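Participant: the sequence isn't on hand, but the structure is:
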């Protein structure tokens, strides 16, 4: 079946921002904006930077606990170390999840609400219907960012996604169907 012109496939309406977002991923309350096709790469870089910063700060707090010159501040340093350690683990988890989404050309919205999205009708969990292979997935992820497009002095245009083809779960092509194929079935 052909897909209607509006809304574009993989676009979603973001309630908090009251906007339609191409390749809608999610609304991030920490950044205060919707994450979609034009800023997913920058959001991933933000998660990477936060993870690194929290890891380094937690490490510094850990060294402060062992520092001999502060006898009265050890409790505060230990509390800071534990708090930063927990925040690091949460941020690292988000970064790992979004790295998985980057490598598989999925969005958080599709991962969590696949059964409610018309264009994913007939797919199962981990089918990866929009995956184009690791290299091309990363290329689309980075090249569609609005800042990268601006730096290339190009005009940003959303990707014209097409409806996923039927997924052959009995295929010998295990590379494009890693979760379920002729040789094994997972999940």
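Facilitator: Received it, and whenever you're ready, just let me know what you need. Just so you know, these numbers come straight off a predicted model, no measurement behind them.
Participant: wait, what's in contact with residue 95?
Facilitator: 44, 47, 48, 50, 51 (CB atoms under 8 Å, 6 or more residues apart in numbering). No exception for glycine: its C-beta is placed from N, CA and C like everyone else's.
Participant: wait, residue 120
Facilitator: 110, 114, 129, 164.
Participant: from the contacts of residue 95, keep the buried residues only.
Facilitator: Using 16 or more other CB atoms under 10 Å as the burial test, those include 44, 47, 50, 51 as buried.
Participant: okay, and the third one sits in which element?
Facilitator: Going back to what we said before, that points to residue 50. Residue 50 belongs to helix 40-66 when assigned by DSSP states H and E.
Participant: buried sites along the longest helix seen in the chain?
Facilitator: Identified as the longest helix of the chain according to DSSP state H is helix 74-104. When burial is assessed from 16+ other CB under 10 Å, helix 74-104 yields the following buried residues: 77, 80-81, 84-85, 87-88, 91-92, 94-95, 98, 101-104.
Participant: tell me the pLDDT at residue 113?
Facilitator: On pLDDT, residue 113 comes in at 86.
Participant: pLDDT weak spots in this protein?
Facilitator: 1-4, 67-73, 168-169, 171, 173-187 (pLDDT under 70).
Participant: what's the closest non-adjacent residue to the residue nearest the centre of it?
Facilitator: Nearest to the geometric centre of the chain sits residue 98, at 2.7 Å (CA atoms, centre = their mean). Excluding its sequence neighbours, the residue lying closest to residue 98 (CB to CB, 6 or more residues apart in numbering) is residue 44, at 5.3 Å.
Participant: touching, the one you found and residue 96? I think so.
Facilitator: No. Residue 44 is beyond contact range of residue 96, at 11.0 Å (criterion: CB atoms under 8 Å).
Participant: need the buried ones among the contacts of residue 95 in a markdown table (columns: distance to residue 36).
Facilitator: Formatted as a markdown table, the buried ones among the contacts of residue 95 follow (distance: CB to CB, whole Å):
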| residue | distance to residue 36 |
| --- | --- |
| 44 | 13 |
| 47 | 15 |
| 50 | 20 |
| 51 | 22 |
